[in-house]
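In: sequence plus predicted model, see below.
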There are 2 protein chains.
Amino acid sequence: MKKRSFDYKALIGEGNPLLRYPELKEAAIDEFAVKRYDDASLNDILKKAGMSKGSFYHHFGDKFGLYLAMMDIIAQKKLSFFYPLMNENLDTSDFFGTLKAIMKATTEFMLHDERLHHLSNRLMEENDAFRNRMYSFFAFDYYQSFNQWVYHAVQSGQVDSRYPPDFVVKLIEVMFANIHKLVSSGDPEHLLETATQVIDVIQDGISRKH
Amino acid sequence: MKKRSFDYKALIGEGNPLLRYPELKEAAIDEFAVKRYDDASLNDILKKAGMSKGSFYHHFGDKFGLYLAMMDIIAQKKLSFFYPLMNENLDTSDFFGTLKAIMKATTEFMLHDERLHHLSNRLMEENDAFRNRMYSFFAFDYYQSFNQWVYHAVQSGQVDSRYPPDFVVKLIEVMFANIHKLVSSGDPEHLLETATQVIDVIQDGISRKH
DNA sequence: CAAAAACTAGACCAGATGGTCTAAACCACC
DNA sequence: GGTGGTTTAGACCATCTGGTCTAGTTTTTG
């Protein structure tokens, strides 16, 4: 006999109620970009957005509902930056070239709204249970498909065979998750330049020696 | 007119009261190794250690006092692993060789007690104000002196000149902070092997091309 | 125009947090 | 044995958390 349950699926896609409450959306992004899920204060978000508890819980069910609705919007945004790349269906023939293109898309996404980049990274830091619960609402896990692409590219022989594919995948994962720590200034030009250098280092570091 | 203030300095060094409460020490390490400062529950720590609030606040002043006393003990422990290395006063003539030695010491420290490694990393994730407050109690900031060593080594010309020293410092910083993400199994042998590979990748990636 | 449904406001709740405070217990010294 | 400082126990406090609930308002529908 479970308590009256809320339909989270109504939150994602077209009817996402967060689209109708732009102030709540901004307040949520501001808060979740700076604090982890548990640390973020729902009360603060509502206060900043000027929304009452009654209407909030009516539309979003609970704190997780808000996070879900917000992530849905962000995923759409992020996808728009990566869509051009996906057309090529992630080319595996030129590993490092494609990697640079992905890095470029990442930095452009980051520059468009830095909060969103922090948000994506913050999700990676949440525990597995939370992440899995999150992913279960979205059709595809871009994160995992990226990892699979790296895995296949590594196996195609463009990388020194002494490095296990899993290792390379994690190495790249760590690098991408931390580019914001590798750039000092907020200068856009410099950001892309540094990001490219990171790929150069990886390439010289792991490509097959001849 | 400040409130009666507590002397935090009495917590570090010889008279560290945490040395007299081993159960509290273990409970604190367990908690702070798993949760960030704000997330950690002082009540839980005291419950696990079987200590009353009265005596706790008498000896440690507040939550920060406990953290400080704990970090003092851990810093000592960590130093004991790096002491042999420091004798050479961080050799700059063989950059990558020394880097490997440091990595070896790091992994050994990690294997000695994984909680302590997590603790060190977790401190890096705290905000600047907190970290600075922390460091202000210790004579030397090993973290910063390591960075300076890297900086000098890079300037000595063993690294490709297209990479700015600051970039290399941060790159190595990120790698060291994330080695635990790069190893999959808990196998000690494998840990050191992977750690060495990380250095190999860095070396091939950034060393001066001939 | 009225009934029904959707929505909103905010008082309230239980549970947790770090921290305070008083009173008792302990212990060394004369 | 008494005295005075140190240490301990734990009830208590203000404040915060996400979440509930009722009563009222607004909007839609017949």
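Out: Thanks, I have the structure now. Residues are numbered from 1 along each chain as shown, chains lettered A, B, ... in the order given.

In: quick one, domains of chain A?
Out: Taking automatic domain parsing as the criterion, chain A consists of the domains A:1-71, A:88-210.

In: does the helix or strand bottoming out on mean pLDDT in chain A reach chain B?
Out: Ranked by mean pLDDT, DSSP states H and E, the helix or strand of chain A with the weakest confidence is helix A:142-153, at a mean of 82. No: Helix A:142-153 lies out of reach of chain B by CB under 8 Å from any CB of the partner chain, never closer than 13.0 Å. C-beta here means a position set from N, CA and C on the backbone, and glycine is covered the same way.

In: cool, stretch A:124-135 as well?
Out: No: legend: contact between stretch A:124-135 and chain B by CB under 8 Å from any CB is lacking; minimum distance shown is 8.8 Å.

In: and that stretch, what's its mean pLDDT?
Out: Mean pLDDT, stretch A:124-135: 92.

In: coming back round to it: off-centre distance for the least confident helix or strand of chain A?
Out: Relative to the chain's own centre, helix A:142-153 is displaced by 14 Å; criterion: CA atoms, centre = their mean, to the nearest Å.

In: same thing with stretch A:187-206?
Out: With CA atoms, centre = their mean, you get 20 Å for stretch A:187-206.

In: what about residue A:83, how many residues close to it?
Out: 10 (other CB atoms under 10 Å in any protein chain shown).

In: where does it sit, in terms of helix or strand?
Out: For residue A:83, the enclosing helix or strand under DSSP states H and E is helix A:63-87.

In: any part of that helix near DNA strand C?
Out: No: where contact is defined by CB under 7 Å from any atom of the strand, no part of helix A:63-87 touches DNA strand C; the two come within 13.5 Å at best.

In: state the next helix or strand along the chain beyond that helix.
Out: Proceeding C-terminally, helix A:63-87 gives way to helix A:95-112 as the next helix or strand, assigned by DSSP H and E.

In: what's that next one in contact with?
Out: A:77-78, A:81-82, A:84-85, A:88, A:90-92, A:116-117, A:146, A:153-154, A:156, A:158-159, A:172, A:176, A:179-180, A:188, A:191-192, A:195-196, A:198-199, A:202-203, A:207 (CB atoms under 8 Å, 6 or more residues apart in numbering or on different chains).

In: may I see the PyMOL selection of the buried members of those residues?
Out: If you want just the buried ones from the contacts of helix A:95-112 in PyMOL, going by 16 or more other CB atoms under 10 Å in any protein chain shown, the selection is:
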select buried, chain A and resi 78+81+82+90+92+116+117+146+153+154+158+159+172+176+179+191+192+195+198+199+202+203
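
In: hmm, back to that, tell me the buried residues in the helix holding residue A:83?
Out: A:63-75, A:78, A:81-82.

In: so where's chain A uncertain?
Out: For chain A, the stretches with pLDDT under 70 are A:1-4, A:87-90, A:185-186, A:209-210.

In: which bits of it sit near DNA strand C?
Out: On the criterion CB under 7 Å from any atom of the strand, DNA strand C has as its neighbours in chain A the residues A:51, A:52, A:53, A:54, A:55, A:57, A:58, A:59.

In: can I assume the first one sits in a helix?
Out: Read it as residue A:51. No: counting by DSSP: H, G, I helix; E, B strand; the rest coil, residue A:51 is not part of a helix but coil.

In: which residues sit in contact with it?
Out: The contact partners of residue A:51, by CB under 8 Å, 6+ apart, come to A:21, A:23, A:24.

In: what subset of those residues is buried?
Out: Under a neighbour-count criterion of 16+ other CB under 10 Å, the subset of the contacts of residue A:51 counted as buried comprises A:21, A:24.

In: pick out the residue in chain A sitting closest to DNA strand C.
Out: Of all residues in chain A, residue A:54 sits closest to DNA strand C, with a separation of 1.9 Å (CB to the nearest atom of the strand).
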